[in-house]
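Q: Just a sequence and a predicted model for now, questions to come.
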Amino acid sequence: MGISRAAVVDAALEVLDHQGLDMVTMRAVADRLGVQHNTVRWHVENKRRLLVLMSDAVLAGLDVAALPRPWEDRVRALARWCRGAILAHRDAARLLAGLATTEPNTYRFADTMIQTLLDAGFSHRTAAWANWTIFYLVLGITHEQQAHSPETPEHMMEFNDPEYPALSEAASHVAAGTYEERFEFALNMQVVALRVELDRMGDTAT
């Protein structure tokens, strides 16, 4: 019985989840499917193409209809959904960070975020760049979370070095908090900055 491209991508994600990104190879996917290496290559051409399709599959399942309507709530919901989708797969942040993916699910997420900001009254440039800013925020903190299991570097709790007085003074806060708390803090800062920009645009218009 033949296999589909979707089956190849699903098998690749299973390898990712069980063994990590470094172990994702065309041969590992073929072994998981119980087929010849050339069968996998026929569906996805090469490893880079496989990784691109995997990264797009990570962002599958966005339910736009379920998103809240107010733009601030919608932006937050989109960012949280994206983070959850990435956290659902081992090493997924590193996978996405290393690729420029031009596939339907990736486009759908970006289109929804940009349309949300356009509808709120932002310029095309601000909407497009804010989409990148929020996506980079999600990728950055999620990559760190997936790469390092300890939430708090304990040596920072009592960091005290006269060469770095500000860092020493704020050391307990540098190390404090969960990844989720840090993400929400950073996301809130982005939304506040967007709100200020929208108010500024309104003042300029009047």
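A: Good, I have the coordinates. Numbers count the residues shown, from 1 in each chain.
Q: Could you chop this protein up by domain?
A: As assigned by the TED database, the chain contains the domains 5-45, 61-204.
Q: for those domains, which one sits closest to M54?
A: Closest of the domains of the chain to M54 is domain 5-45, at 5.2 Å (criterion: C-beta to C-beta). The C-beta positions use only the backbone N, C-alpha and C, and glycine is treated the same way.
Q: Now do that closest one: distance from first to last residue.
A: Across its full length, domain 5-45 reaches 11 Å end to end, with C-alpha to C-alpha, to the nearest Å as the criterion.
Q: Also stretch 15-28?
A: End-to-end distance (C-alpha to C-alpha), stretch 15-28: 7 Å.
Q: quick one: buried residues of that stretch?
A: By 16 or more other C-beta atoms under 10 Å, the buried positions in stretch 15-28 come out as V15, L16, L21, V24, T25, M26, A28.
Q: Over to stretch 174-181?
A: Buried residues in stretch 174-181 (16+ other C-beta under 10 Å): A175, Y179.
Q: coming back round to it: find the one among the domains of the chain with the highest mean neighbour count.
A: Sort the domains of the chain by mean neighbour count, taking mean count of other C-beta atoms under 10 Å, and domain 5-45 sits at the top with a mean of 17.
Q: got the contact list for the closest residue to H37 other than its chain neighbours?
A: Leaving aside its chain neighbours, H37 sits nearest to A30 (4.7 Å; criterion: C-beta to C-beta, 6 or more residues apart in numbering). Residues in contact with A30 (C-beta atoms under 8 Å, 6 or more residues apart in numbering) are Q36, H37, T39, V40.
Q: wait, doesn't the second one sit right on T25?
A: Spelled out, that is H37. No - applying C-beta atoms under 8 Å, one finds H37 not in contact with T25, separated by 9.3 Å.
Q: Least confident of the domains of the chain, on average?
A: Ranked by mean pLDDT, the domains of the chain bottom out at domain 61-204, which scores a mean of 92.
Q: so how far is that one from its chain's centroid?
A: From the chain centre to the centre of domain 61-204 is a distance of 8 Å (C-alpha atoms, centre = their mean, to the nearest Å).
Q: Quick check: end-to-end length of it?
A: 39 Å.
Q: quick one: the residue lying closest to S168 once chain neighbours are set aside and L167, what's the gap?
A: Closest residue to S168 apart from its sequence neighbours, by C-beta to C-beta, 6+ apart: N160 at 4.8 Å. Distance from N160 to L167, counting by C-beta to C-beta, to the nearest Å: 9 Å.
Q: now A7
A: Taking C-beta to C-beta as the measure, A7 falls 50 Å from L167.
Q: got the contact list for T116?
A: By C-beta under 8 Å, 6+ apart, T116 lies in contact with W71, R74, V75, L78.
Q: sorry, back to before: want to try a markdown table for the buried residues of stretch 15-28, with distance to D63 as columns?
A: Shown next, in a markdown table, are the buried residues of stretch 15-28 (distance: C-beta to C-beta, whole Å):
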| residue | distance to D63 |
| --- | --- |
| V15 | 27 |
| L16 | 23 |
| L21 | 27 |
| V24 | 28 |
| T25 | 33 |
| M26 | 32 |
| A28 | 32 |
